[in-house]
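Asks: Okay, here's the prediction I keep looking at, along with the sequence it came from:
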Amino acid sequence: MIDWDAVGLSVRLAAATAAILVVVGLPLAWWLARTTAPWRPFVEAAIALPLVLPPTVLGFYLLLAMGPSGPLGGLWRALGGGRLAFSFEGLLVASVIYSLPFAVQPFAVAFAGLERSLIETAWTLGRSRLATFATVALPLARGGILTGIVLAFAHTLGEFGVVLMVGGNLPGETRTVSIAIYDRVQALDYEGAAATALPLLVVSFLVLALTYGLRGGVVLPGPIGRR
Amino acid sequence: MADARLQVAIERRFRGGPTIRAAFELDTASAETLVLFGPSGVGKTTVLRCLAGLERPDAGRIVLGDEVWFDAAAGVDRPPQRRRIGYLPQGHALFPHLDVAANIAFGIDDVRGAARTARVAELVARFGLSGLERRKPAELSGGQRQRVALARALARRPQLLLLDEPLSALDAPTRERLRLELRELLAAGGVSAIVVTHDRTEALVLGDRVAVMVDGVVRQSGRTLEVFDRPADEAVARVTGVETVLAGRVVTVEDGLAAVAVDGLRLTAIGDAGPGDRVLLFIRAEDVLLSAVRGAAASEGTAGFGEGGRGSSARNRLVGRVVGLEPHGPVVRVGIDVGGVRLVAAVTRPAVVELGLAPARLVEAEVKATAIGLVRLAAAGVDEGGSR
């Protein structure tokens, strides 16, 4: 039987993570794609860390940070929140950080591929920097942006190590699909594990196939303004 | 606008690279086109980008009328949004995700709604784009794209157009056609333009005025024909590459040979033009052959058409008076006045001695029709009342 609670939680978590990454990731990627600041490599490295760090290591540090005396936990409490570790909110914060490169890198690649002259011409035509971003950069980079959103969503759906470290296994609060499956396997309930795992596999595959299909027909990140 | 003078005096330094210096003026009330001319990589684009506000000079001032666009000393740097310019970068940068109408409407910010739609429609009609409003830039020809880019720039009612190598992305036959079209569009636009190019023909065809850049510095600026005809120094002459530029009108065309009237003279050249067309002829000094005048048959200012006399394949034989001798190493540039038209020939020192060339001396100049470059300025019947 499918653990609908876990599926629902995972989808909510993935959707919220992807949404936050759009808000945080787009400006960050725009800056990365255009800056010549000397500290840029350090920012890039920090964003890419989750790609190479074992999830348990990342999870461990996040757990420390989210503890009552940790900086994130302290801040959350000061803002009127309750306990951050082992809560949905804590899981969300961890997911955003964990999936950051999966969103920011495709965004940045798409922005970097924009012809600079398109942006500059929009400025000379009177559009502010923000309006130019919204009316020229975003529509032209939509392929890469879509890719980033889907990757962030899918990656969050499948995360395990970080969830295990900072979320634990609270049904309806932090018990995601991957935790639920792991749970079943531990209990030697292979049938139950399969019932939850198979839809995850199928949905993930379909979402990716759909994205790549759409992207093929839309605009690829890369030399976008090519005529 | 009482004073609409664009005054540019800027300096842009590159670490480990050249320093670019540009100083010139343009009266934008005249709606004239100034060509910024020079070899590739000389810094023309940098100057244009500084004018557009996309790059910041290290020193100097840019002033248009009473608007200070840039002043290094006063810390003024007006952003591109507030310079009211029409900027066409190389390749035109049409927005690929917007159709023709949306591209043209993009910069209109002084009117909205119906007035905005009306202005777009007016430009679409004026630039011959009717029926293409819903097309994306990728579905347009090179010429159509050029017209959309110009329409988009003019839709904003700019004070000044800035064009960076507008024809460079095109293949040669298209370029030739669009060069003329661009000239006509610029004349019809009623707005002053600064056009960057490294192409001599483009400079001659498009520019009422020209500023010649050599090694990062504007060395000479003035009316195009004057600059090309009388380069201020050796460096400018090397860049312009032609010593004689003549404006004329095609009289007849026979077997592909065009007879062109230049003041009182008639010259034969090869080129694609029809009777009545206004054309420019250019002649390199190396291609002008000098010989002693034979007998009294030839008088000053006559132009022979290869008729009779001593056999020669040259179609153009002109008798003129030497007006100047300028030695450059082993070569001497000889200025010749042929019935009011000035021609320059490059000959060797021994030849000068042999022919006894000296000021006021009569001499016969020969130029093969094949050595005369011919560029069409305007088709027959089109008179722009320009300053040429």
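Replies: Sure thing, it's come through. Numbering: from 1, shown residues only, chains lettered A, B, ... in the order given.
Asks: How about the secondary structure of residue 168?
Replies: I went with chain A, as the question did not name one. Classification of residue A:168 using DSSP: H, G, I helix; E, B strand; the rest coil returns coil.
Asks: that's the other chain; I wanted chain B
Replies: For residue B:168, the secondary structure call by three-state DSSP comes out as coil.
Asks: my guess is it contacts residue B:90, does it?
Replies: Yes - the pair residue B:168 and residue B:90 qualifies as a contact (C-beta atoms under 8 Å) at a distance of 6.1 Å. Just so you know, the C-beta spots here come from the backbone N, C-alpha and C atoms, and that holds for glycine as well.
Asks: Now for these two: what residues contact both?
Replies: Both residue B:168 and residue B:90 lack any common contacting residue under the criterion C-beta atoms under 8 Å, 6 or more residues apart in numbering or on different chains.
Asks: which other residues reach stretch A:3-16?
Replies: A:88, A:91-92, A:95, A:152-154, A:156-157, A:171-180, A:192, A:196, A:199.
Asks: which of the residues in that stretch are buried?
Replies: Of the residues in stretch A:3-16, A:3, A:6-7, A:9-11, A:13-14, A:16 count as buried by neighbour count, 16 or more other C-beta atoms under 10 Å in any protein chain shown.
Asks: same deal with stretch A:193-213?
Replies: By neighbour count with 16+ other C-beta under 10 Å, stretch A:193-213 contains the buried residues A:193, A:196-197, A:200, A:204, A:211.
Asks: Check stretch B:161-177 too.
Replies: B:161-167, B:170, B:175-176.
Asks: So which of these are in strands?
Replies: Judged by DSSP state E, the subset of those located in strands is B:161-164.
Asks: Any idea how many residues pack against the residue of the stretch 51-200 of chain B found nearest chain A?
Replies: Nearest to chain A in the stretch 51-200 of chain B, going by C-beta to the nearest C-beta, is residue B:107, at a distance of 3.2 Å. By other C-beta atoms under 10 Å in any protein chain shown, 25 other residues sit near residue B:107.
Asks: pretty sure it belongs to a strand, no?
Replies: No - counting by three-state DSSP, one finds residue B:107 to be coil, located in no strand.
Asks: Looking at the buried residues of stretch A:193-213, point me to the pair that's furthest apart.
Replies: Pairwise distances across the buried residues of stretch A:193-213 (C-beta to C-beta) peak at 26.9 Å, for the pair A:193 and A:211.
Asks: what's the closest residue in space to residue B:361 that isn't next to it in sequence in contact with, if anything?
Replies: Computed as C-beta to C-beta, 6 or more residues apart in numbering or on different chains, the closest residue to residue B:361 that is not its neighbour in sequence is residue B:322, at 4.7 Å. Residues near residue B:322 by C-beta under 8 Å, 6+ apart: B:334-336, B:357-363.
Asks: and what of residue A:126?
Replies: So residue A:126 contacts B:81, B:84, B:107, B:109, B:156 (C-beta under 8 Å, 6+ apart).
Asks: The first one - that's part of a helix, no?
Replies: In other words, residue B:81. Yes - under three-state DSSP, residue B:81 sits within a helix.
Asks: Please identify which helix or strand holds the residue nearest to it when sequence neighbours are not counted.
Replies: Among residues not flanking residue B:81 along the chain, residue A:126 sits closest, at 5.1 Å (C-beta to C-beta, 6+ apart). Here residue A:126, judged by DSSP states H and E, is contained in no helix and no strand.
Asks: What separation is there between residue A:126 and residue B:97?
Replies: Note on residue A:126: its distance to residue B:97, by C-beta to C-beta, to the nearest Å, is 19 Å.
Asks: and what of residue B:134?
Replies: With distances taken as C-beta to C-beta, residue B:134 is found 13 Å from residue B:97.
Asks: Neighbour count: the two, which is higher?
Replies: residue B:97 (20 against 10).
Asks: All the helices of the chain, residue numbers only.
Replies: No chain was given, so I picked chain A. With helices called from DSSP state H, chain A shows them at A:4-34, A:40-52, A:55-66, A:71-78, A:88-112, A:116-124, A:129-132, A:138-140, A:142-157, A:161-166, A:177-186, A:190-217.
Asks: please go with chain B instead
Replies: Taking DSSP H as the criterion, chain B carries its helices at B:44-52, B:100-105, B:113-126, B:142-155, B:172-189, B:200-206, B:224-229, B:234-240, B:349-355.
Asks: mind putting those in TSV, mean pLDDT and distance to chain A included?
Replies: Compiled in TSV, the helices of chain B are given as follows (pLDDT from 0 to 100; distance: least, C-beta to the nearest C-beta, whole Å):
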stretch	mean pLDDT	distance to chain A
helix B:44-52	95	6
helix B:100-105	96	10
helix B:113-126	93	13
helix B:142-155	92	7
helix B:172-189	84	14
helix B:200-206	89	20
helix B:224-229	85	26
helix B:234-240	82	26
helix B:349-355	90	51
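Asks: can you list the weak-confidence ranges in chain A?
Replies: Flagging of chain A using pLDDT under 70 yields the residue ranges A:215-227.
Asks: Can you name the residue of it nearest chain B?
Replies: Going by C-beta to the nearest C-beta, chain B is nearest to residue A:125 of chain A, at 3.2 Å.
Asks: how about that residue, what does it touch?
Replies: Residue A:125 sits next to B:87, B:106-107, B:152-153, B:156 when contact means C-beta under 8 Å, 6+ apart.
Asks: now, which of those sits nearest residue B:328?
Replies: Residue B:328 has its nearest neighbour among the contacts of residue A:125 in residue B:87, at 40.1 Å by C-beta to C-beta.
Asks: For the closest one, which non-adjacent residue is closest in space?
Replies: Leaving aside its chain neighbours, residue B:87 sits nearest to residue A:124 (3.9 Å; criterion: C-beta to C-beta, 6+ apart).
Asks: Contacts only, for that neighbour.
Replies: Contacts here follow C-beta under 8 Å, 6+ apart; on that basis residue A:124 touches B:52-54, B:80-81, B:83, B:85-87, B:107.
Asks: let's go with 7 Å and repeat that
Replies: Residues counted as contacts of residue A:124 (C-beta atoms under 7 Å, 6 or more residues apart in numbering or on different chains) are B:52, B:80, B:85, B:87.
Asks: my read: residue B:217 touches residue B:21, true?
Replies: Yes - under the criterion of C-beta atoms under 7 Å, residue B:217 makes contact with residue B:21 at 4.7 Å.
Asks: Compare those two (neighbour count), which wins?
Replies: Neighbours per residue (other C-beta under 10 Å) separate residue B:217 from residue B:21, with residue B:21 holding more: 21 against 18.
Asks: Pipe the buried residues of stretch A:193-213 into TSV and attach distance to chain B per row.
Replies: Output for the buried residues of stretch A:193-213, formatted as TSV (distance: C-beta to the nearest C-beta, whole Å):
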residue	distance to chain B
A:193	46
A:196	41
A:197	40
A:200	35
A:204	30
A:211	19
